[in-house]
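J.: What would the 3D arrangement of this be:
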Amino acid sequence: MVRNQAIGLGLNGVGLLRTAKVASNTFMLQFYDRVQKYNPIHVYLKRGWPDDAPGPTSPEQWNEVARYMGLFEGLWRLILDKAYSCDRADSDYSHRIIAIVLNQQIRQEFLDEESDESGGWGDFIELWRCLESRHVYRLIAADLLKKKNVVVPKAPRPFASPRHWWH
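T.: Numbering: from 1, shown residues only. As a prediction, this is how the structure comes out:
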């Protein structure tokens, strides 16, 4: 009787693990679909903006870029929660992060330390920093340097935390 209960508990455990894995993969497919919604922005980042503009030119385009980057901030939160690995994010999304950070206008507006917006993009910058040390990111960066003489910029250092009066 005890043996049958142990077998039953073991099978339940296996079933729960499978269910969790299916739920995780389902979520990631949904996340992938959300990222695909921003393919026009990704194409602009890779091939150039309309009318040879250096980056977004309208409030609508800036809003689309911000929402696209916001998805990757959510990905960073998943990595922190250990629901997604940085290595998997590297293989799945490094090419997209690199395309974003290569755009000087976007970096100046959102990511440079001098930017009024940079403090609001801390999770994006943390994801960028995490990916910089990963294999696929480094391969893409090396390939861009070798084939196009393009240097992928480094993520800014962590922003200094404000010192509270009690420290």
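J.: Quick check: the residue most central in space within the chain vs Phe27, distance?
T.: Compute the mean C-alpha point of the chain, and by CA atoms, centre = their mean the closest residue is Phe72, 3.5 Å away. Note on Phe72: its distance to Phe27, by CB to CB, to the nearest Å, is 16 Å. (Glycine included, C-beta is placed from N, CA and C.)
J.: give the contact list for Arg138.
T.: Glu132 (CB atoms under 8 Å, 6 or more residues apart in numbering).
J.: Tell me how many other residues crowd Asn25.
T.: 10 (other CB atoms under 10 Å).
J.: Kindly report the same for Leu145.
T.: 12.
J.: Which residue is the nearest non-sequential neighbour of it?
T.: Leaving aside its chain neighbours, Leu145 sits nearest to Val151 (6.1 Å; criterion: CB to CB, 6 or more residues apart in numbering).
J.: quick one: that neighbour from Gly70, how far?
T.: In terms of CB to CB, Val151 sits 26 Å off from Gly70.
J.: Around Gly120, count how many other residues there are.
T.: Gly120 has 13 nearby residues by other CB under 10 Å.
J.: I meant to write Phe124 there.
T.: 24.
J.: Next up, the contacts around the residue nearest to the centre of the chain.
T.: Here Phe72 is in contact with 93, 96-97, 100, 123-124, 127 (CB under 8 Å, 6+ apart).
J.: In helices, which of the residues you listed fall?
T.: If you go by DSSP state H, those have 93, 96-97, 100, 123-124, 127 in helices.
J.: among those, which two are most distant?
T.: Arg96 and Asp123 (15.2 Å; CB to CB).
J.: which one of the contacts of Phe72 sits closest to Tyr38?
T.: For the contacts of Phe72, the nearest to Tyr38 is Arg96 (8.7 Å; CB to CB).
J.: Looks like that closest one contacts Val35 (just checking).
T.: Yes. Using CB atoms under 8 Å, Arg96 is in contact with Val35, at 7.2 Å.
J.: out of those two, which sits in the busier spot?
T.: Arg96 (20 against 17).
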